[in-house]
Structure formats: C-alpha cells, structure tokens
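# Could you look at this predicted model? Sequence included:
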Amino acid sequence: MLQAFLNKTKGDRWIWLIIILLSLISIMAVYSATGALAYRKGEAVEKLLITKHLIFVLLGIAMIYVAHLLDYRYYAGISKILMVITIPLLVYTLIFGTNLNDASRWVKIPVIGLTFQTSDLAKLALITFLARMLTKKQEHIKNVKESFIPIMGSVCVVFVLIALANLSTALMLFGVSILLLIIGRISIKQISIVCAGGAVLLLLVVFLGPRRATYASRVNSFLHPELQNSDKTFQADQSKIALATGGFFGKGPGNSTQRNFLPHPYSDFIFAIIIEEWGTLGGIVVMMLYLILLYRCIKIVTKAPKAFGALLAAGLSFSLTIQAFANMAVAVGLGPVTGVPLPLVSMGGTSMIFTSIAFGIILSVSKDIEETTAGKETEEKIKNKVIIGEIPAMA
C-alpha cells in the first residue's frame, strides 16, 4: 500500500517516507496525549482525535500532494499576494486577535468559528517572498537602495508584527531570513547591520512590548529555576519528569502519566510524551527523521538548476528543521518555554496545514529537478544513438 502511494507521487522519495512516518507518529502520540483534554471536554478520545487531528493529518497529506504537483515557479507570483494579505492580517491579529494560551496569536474565522494562527501564514509568505526578491535582485544584489532596503523592509515589518504577539516564532523566522540573505549573496556588512537592527527591535519588543512580563518570566525561570515558584516552572518540571521516567525504551504507547499534568502535551510538549512512552530510543528516531529531512533538502538545494528553487527549498527546510529542534530543545530543558509546535507531529490545524504546504513546495522543487535530469538523460541517449548510427541523423 505504501509502495503504491509512493509510485503515484513525484519528488524525493525519502522526504515522502519521512512525511508518512511523522504523520503516523503524530496520530499515535496525539491519541495518547489527548486523554486529559478529552476528559475536560467530556468527549471520548477517539471522537476528539477523529473529528480533529486525524482529519487535519489526512488533509495535510492531500495538500502536500496538490502543492507538489504545482510548478514551484508559480509560488513566486503567489508570494506577492500572500504578503499583501499577511501584513493586514498580522495587524488585525494584534488589535482584535483571540486570546488562547495567554497570547493573541489567533483570528477567529467567521461562520465556521475555527481559530486561525496568522504567524503560520506569515512564515510561508515571507520565505517565498524573500526567495523571489533575492532571485529577482541578483544582478543588483549589492545595491543598498535597489535590493537591500526593499528586502529588509519586508523582513523587519513582518518580524515586528509577529514579535509583539509571538516572539519565539518571530526570532526563528528572522534567523531563517538571515540564512537566506547569506545564501542570496547579500554582503556580510549589510547582514551585520540587519542583525544589529534586529537586536534593537528585539530589545524594544522585550522591554516595551505588551507581553514583556511573560518574556521576562520565561527567561528568568529558565536561567534560575531554583529561585522561581513552582507555578513558574511547572511545564518544564513536568516535562523533565516525563523524560526521566521514560528511560531508554519508554513505558509503552498509551502509558504516559505526565499527559495528565502537562498543560499542552499534545502540542508544545508532545516530544516529552514521545520520550516518556517510547523512551530515549523513540526520541532519537524522531530527531533522526528531521536530520534526514534536512540532509535531503540540502541535496535538493545543491541540485536545483534555478536560484529561486534553491532559495525556496533552503528557506522552507531551514524553517521546518529549526522549528523542530526548538520544540525538542524546550521539551528536554535546553531552552525557555516558547509555545512552538513540532512540525507535522503536534496537534494543531493551521500549523499542520501550512507545514504541509511547505513540504509540498519543497517536493515541487525536487520534482522539477527529477524532470530536468530525466530530460537531459533522454537527450543524451538520443545523441548517443545518432552517433553510433542507430537513428538516422537529420539532413
């Protein structure tokens, strides 16, 4: 069945396999982690999983399939539309956003009543837009007025609008943007100016922003856990208990106890639940899947014949893997609590959808490489047959 599905797809087969494995891990981990949530809502775990997460997983795979069939060059034009939509949406989110988990990061969609996280759209929009701009401006890439200012203007605007509500996501997106600038041949001097400006913006957001108390509390709790009240470090403490009790082989699927204590075991701290149930071995497997994903994406970047395809694949792959390792770092106590989901594993509708679209675009670039390579091989075979006389040469 798996082989039959892969035969109908195009692009890197390893990435498709990683998508399927992460989706299966997601279904099992979320099924186990949503027990407490289902109890609070008075629903059966099966009903909660099937009506929400499983539908989004299947929808995500369908969107990957559709997105990878579309020629990646079309995303250059789509990126302009996305940026026009994204910036007003981010402003609207700051002013009228719905408060969930102590943050105004969400917009409620009228009629259907579902919540929508605008930062997920912003990540996709900015990365595709930067890939387009860097490609378009290559002939004048060192020109400050023609290239640097318009490119960095878009980065700074999106960074500030996201950072005011979701600093962790903004910082990761800023880091990905810097990596794209380096790959896109922006001068180191200009990048240094960007980093200095970004540091100033960061300090303004942290010390003057509406969530400055939350940021200060999280960082202080991470640096000095022994000086904090138990409620300040509750999430991190429960996550460490899950890691400690999981051992190397884990307690077994469905046997987690910390899912009943962690506030968000099915999203922000799902990696802790994976280690508790599947042990350190399970955690290593998940980490390796993301590392293999990064490796396969780097191969796509190096083989891409066009600059736009290379930049697009690089930006999206860096975004996915940096987010994954940020989530895992928080779960094992290597960073302050951020509220960043594990891509393609954590429960969350908008995160699953936009992560899937990102995977689809990467696979679209990979598909183009395959088709270009196959075309060159066919031309080479025809030339060789003409040379040896198997095919009559044209007069």
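Structure's in. What do you need?
# What residues sit buried inside stretch 69-87?
Within stretch 69-87, the residues scored as buried using 16 or more other C-beta atoms under 10 Å are 72, 75-76, 78-79, 82-83, 86-87. Bear in mind the C-beta positions are built from the backbone N, C-alpha and C, glycine included.
# oh sorry, the question was meant for stretch 136-148
So, applying 16+ other C-beta under 10 Å, buried residues of stretch 136-148: 136-137, 141, 147-148.
# Stretch 188-202 now?
By 16+ other C-beta under 10 Å, the buried positions in stretch 188-202 come out as 190, 194, 198, 201-202.
# Likewise for stretch 303-320?
For stretch 303-320, the neighbour count (16+ other C-beta under 10 Å) marks 303-304, 307-320 as buried.
# Take the buried residues of stretch 188-202 and keep only those in strands.
Applying DSSP state E to these, no entry is found in strands.
# And the helices in the stretch 51-200 of the chain, which stretches?
Per DSSP state H, counting those that start in this stretch, the stretch 51-200 of the chain carries helices over the ranges 54-69, 74-96, 118-136, 149-163, 167-183, 188-208.
# The first one - contacts with which helices or strands?
In this structure, helix 54-69 packs against helix 13-33, helix 349-387, with contacts taken as 3 or more C-beta pairs under 8 Å, 6 or more residues apart in numbering; DSSP states H and E.
# And residue 142, its phi and psi?
With angles defined as degrees, to the nearest 10, residue 142 sits at phi -90, psi -10.
# What is the strand or helix carrying residue 323 packed up against?
Taking DSSP states H and E as the criterion, residue 323 maps to helix 307-331. Counting by 3+ C-beta pairs under 8 Å, 6+ apart, the packing neighbours recorded for helix 307-331 are helix 118-136, helix 167-183, helix 234-246, helix 270-303, helix 349-387.
# Looking at those helices, which is nearest to residue 16?
helix 349-387 (7.3 Å; C-beta to C-beta).
# Just the mean pLDDT for that closest one, thanks.
For helix 349-387, the mean pLDDT works out to 82.
# Same check on stretch 197-214?
Mean predicted confidence for stretch 197-214 is 69.
# Ok, stretch 249-264 next?
85.
# ditto for stretch 17-29
Average pLDDT, stretch 17-29: 94.
# Give me the contacts around that stretch.
2, 5-6, 49, 53-54, 57, 60-61, 64, 253, 266, 270, 273-274, 277, 286, 289, 292-293, 296, 343-347, 359 (C-beta atoms under 8 Å, 6 or more residues apart in numbering).
# Kind regards, and thank you for your time.
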